[in-house]
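Student: Sequence and predicted structure below; questions after.
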Amino acid sequence: MPNSLVLSFNKNIAVVEESSDRVAVQLPRVAGNLPQYTLNIEPISPGLLAAIKILETDGATEEYLSDIVLQTDGFSELPKFDYYLQQLIDMGTICHTVCDQELPLATRIPTYPSKPFQLADVAIDQSYVLSRFAYSHKDKDQLVLESPLSPAKVILADWKAAAIIAELAKPQTVREISTKIPGISEETIQQFFSLLLSTEMLKEDSKIQDEEKDALVSWEFHDLLFHARSRKGRQRNPVGKTFRFLDKVEQPPMVKSKMSDDIIELYKPDIEKLKEEDYSFTQVLENRQSIRTYNDQPITDKHLGEFLYRSARNKRFVSKDYGECTHRPYANGGGRYELEIYLVVNTCENLASGIYHYCPENHQLGKISGRNSKVEALLEDAYFATDKFSMPQVLFIFAARFQRIAWVYQSIAYSLILKDVGCLQQTMYLVATAMNLAPCAVGVGNSDLFTAAVGTNYYAETSVGEFILGSKPTA
């Protein structure tokens, strides 16, 4: 297959002429992610320097670049050019563009350095199909094809490229697609297929069942995408504390304002006395378990007060990260404490059934609503999620104020929220065990139902975890 792909530098590449015979090609460091990569070319010949400068601009085919080196430096310098070009490709600095009638059709842009990149051979009459992990989305003013399997993304620069991708939802040959999309040659489609196949966006139809035999069979699309995009390695997006909204969006307050004027003061236990009388830590750990049935005598408001005080209250405030953070009994990413705790009460001594919001600063409950159809639906949802053992006495719903953590962290914000949910659930398990109560984490909940029940914006604050608490049965 003729190689007429246009090669060019990724736009974030820096070329530094450090001396008359030394050039450094730098892939800059991204905040919290991959380190800076530098390739020093020394000594650099006039022809190789000319090729590097062409790669900095609009680029050219590998054949054209080789001719520049050949005409300027002679045949003896071609092996050096081939060596450095492959080094630049493997380093993740080179983009490959398929052109259709001299206009860009699609461009492969590396997202992280990977194994040596080589274009795959594509047969005209072989059937190929899009990987089930490939997905297309809008990024600024471009249509982009990505996959968590791939070390690169593909910019779909022309409607014909998008049309080809749509056709590849089912197995297709180059020849079949050329008859469906007017004005594009078989050779161009073949080059596009080669680019996709080499970038792990495409699979041979005869090998698509291989995924069912290896580790990929256990991955759903959204799980693998979430995993790859919230960890370092398969991306060059900034990761960690980037404060990307500093001076752009106001930082959400440490403690959410009260949602109700109907305030209930909660019981506060004597922590010092508990230190002396509580079960040992080892005993609590060994006895911790999920309990889904309850005593006929329901949990009390005093139980709730002690439980929340020991597991979720504000202990102290600290100044960090351009604002105020806090410490609570459970671990949390960066002390942001983005989780809000809501109580959906079914039955509790001295506390009416309804929905309440917990204020960790003042250790109070604010009543949002009495028992209604949404309260019934939330309780029933948790009942079914825990195999219908018993209707919950009290359902805790954890809702995340997303901006609170996204204001500081990039790429990993949602993954941190889920880790924080785990920390809170484990803390609640241990506290409930120490108090001889019946705890049980819930595997899944209904976020739309929650926002309808409490009146929050789904994209600003909605549920990310649930936990049930009740009185422990005697047997």
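Tutor: Nice, thanks for sending it over.
Student: Can I get the lengthiest helix in the chain in CSV, CA atoms only?
Tutor: Longest helix in the chain by number of residues, with DSSP state H as the criterion: helix 413-434. The C-alpha trace of helix 413-434 is given here as CSV (Å, rounded to 0.1, in the frame of the first residue of the first chain):
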residue,chain,number,x,y,z
ALA,A,413,-12.5,14.3,40.3
TYR,A,414,-15.3,11.7,39.9
SER,A,415,-13.0,8.8,40.8
LEU,A,416,-12.0,10.6,44.0
ILE,A,417,-15.7,11.0,44.8
LEU,A,418,-16.3,7.3,44.6
LYS,A,419,-13.3,6.6,46.8
ASP,A,420,-14.7,9.1,49.3
VAL,A,421,-18.0,7.2,49.3
GLY,A,422,-16.1,4.1,50.1
CYS,A,423,-14.3,5.8,53.0
LEU,A,424,-17.5,7.1,54.4
GLN,A,425,-19.3,3.7,54.1
GLN,A,426,-16.4,1.9,55.9
THR,A,427,-16.4,4.5,58.7
MET,A,428,-20.2,4.1,59.1
TYR,A,429,-19.8,0.3,59.1
LEU,A,430,-17.3,0.5,62.0
VAL,A,431,-19.2,3.1,64.0
ALA,A,432,-22.5,1.1,63.6
THR,A,433,-20.7,-2.1,64.7
ALA,A,434,-19.3,-0.3,67.8
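Student: For it, what is the distance to the chain centroid?
Tutor: 19 Å (CA atoms, centre = their mean, to the nearest Å).
Student: List the buried residues for it?
Tutor: 413-417, 420-421, 423-425, 427-434 (16 or more other CB atoms under 10 Å). For the C-beta atoms, the positions are set from N, CA and C on the backbone; glycine is no exception.
Student: tally of neighbours for the residue nearest to Arg244 when sequence neighbours are not counted?
Tutor: Sequence neighbours aside, Gln410 is the residue nearest to Arg244 in space, at 5.4 Å (criterion: CB to CB, 6 or more residues apart in numbering). Gln410 has 19 neighbours, counted by other CB atoms under 10 Å.
Student: Tell me what Gln410 is bridged to.
Tutor: In this entry, Gln410 is beta-bridged to Gly240, by DSSP bridges.
Student: Gln86 contacts Ile94, doesn't it?
Tutor: No: here Gln86 lies out of contact with Ile94, judged by CB atoms under 8 Å, at a distance of 9.4 Å.
Student: Looking at those two, which one has more neighbours?
Tutor: Ile94 (23 against 14).
Student: Could you tell me how far stretch 16-33 lies from the centre of the chain?
Tutor: 29 Å.
Student: can you list the domains in this structure?
Tutor: 6-229, 240-471 (automatic domain parsing).
Student: Who does the strand ranked longest in the chain pair with, and is each partner parallel or antiparallel?
Tutor: In the chain, assigned by DSSP state E, the strand with the most residues is strand 461-471. Sheet pairing here is set by DSSP bridges, and for strand 461-471 it gives strand 394-401 (antiparallel), strand 437-442 (antiparallel).
Student: Tabulate the CA atom coordinates of that strand in PDB.
Tutor: Extracted in PDB, the C-alpha atoms of strand 461-471 (Å, rounded to 0.1, in the frame of the first residue of the first chain):
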ATOM      1  CA  GLU A 461     -25.400  17.800  43.300                       C
ATOM      2  CA  THR A 462     -26.800  14.300  43.100                       C
ATOM      3  CA  SER A 463     -26.500  11.000  44.800                       C
ATOM      4  CA  VAL A 464     -23.400   8.800  44.500                       C
ATOM      5  CA  GLY A 465     -23.900   6.300  47.300                       C
ATOM      6  CA  GLU A 466     -26.300   4.900  49.800                       C
ATOM      7  CA  PHE A 467     -26.200   3.300  53.300                       C
ATOM      8  CA  ILE A 468     -28.900   1.700  55.500                       C
ATOM      9  CA  LEU A 469     -29.000   1.800  59.300                       C
ATOM     10  CA  GLY A 470     -31.400   0.200  61.700                       C
ATOM     11  CA  SER A 471     -31.700  -1.400  65.200                       C
END
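Student: and it, average pLDDT?
Tutor: On average, the pLDDT along strand 461-471 is 96.
Student: could we number from 409 for the rest of this?
Tutor: All set: I'll call the first residue 409, so the last point we hit is now strand 869-879.
Student: ok, and for it, which residues are buried?
Tutor: 869-879.
Student: again with stretch 462-469
Tutor: Those would be 462-463, 467-469, for stretch 462-469 by 16+ other CB under 10 Å.
Student: So which bits of stretch 448-462 are buried?
Tutor: Buried residues in stretch 448-462, defined by neighbour count with 16+ other CB under 10 Å: 449, 452-453, 455-460, 462.
Student: now do the same end-to-end measure for that stretch.
Tutor: Start-to-end span of stretch 448-462 (CA to CA, to the nearest Å) is 18 Å.
Student: can you give me the helices for the chain?
Tutor: Using DSSP H, helices in the chain cover 454-464, 470-481, 486-498, 567-575, 582-586, 594-606, 629-637, 679-685, 689-695, 709-720, 781-793, 810-814, 821-842, 855-862.
Student: Tell me which of the ones you listed lies nearest to Arg744.
Tutor: helix 810-814 (4.8 Å; CB to CB).
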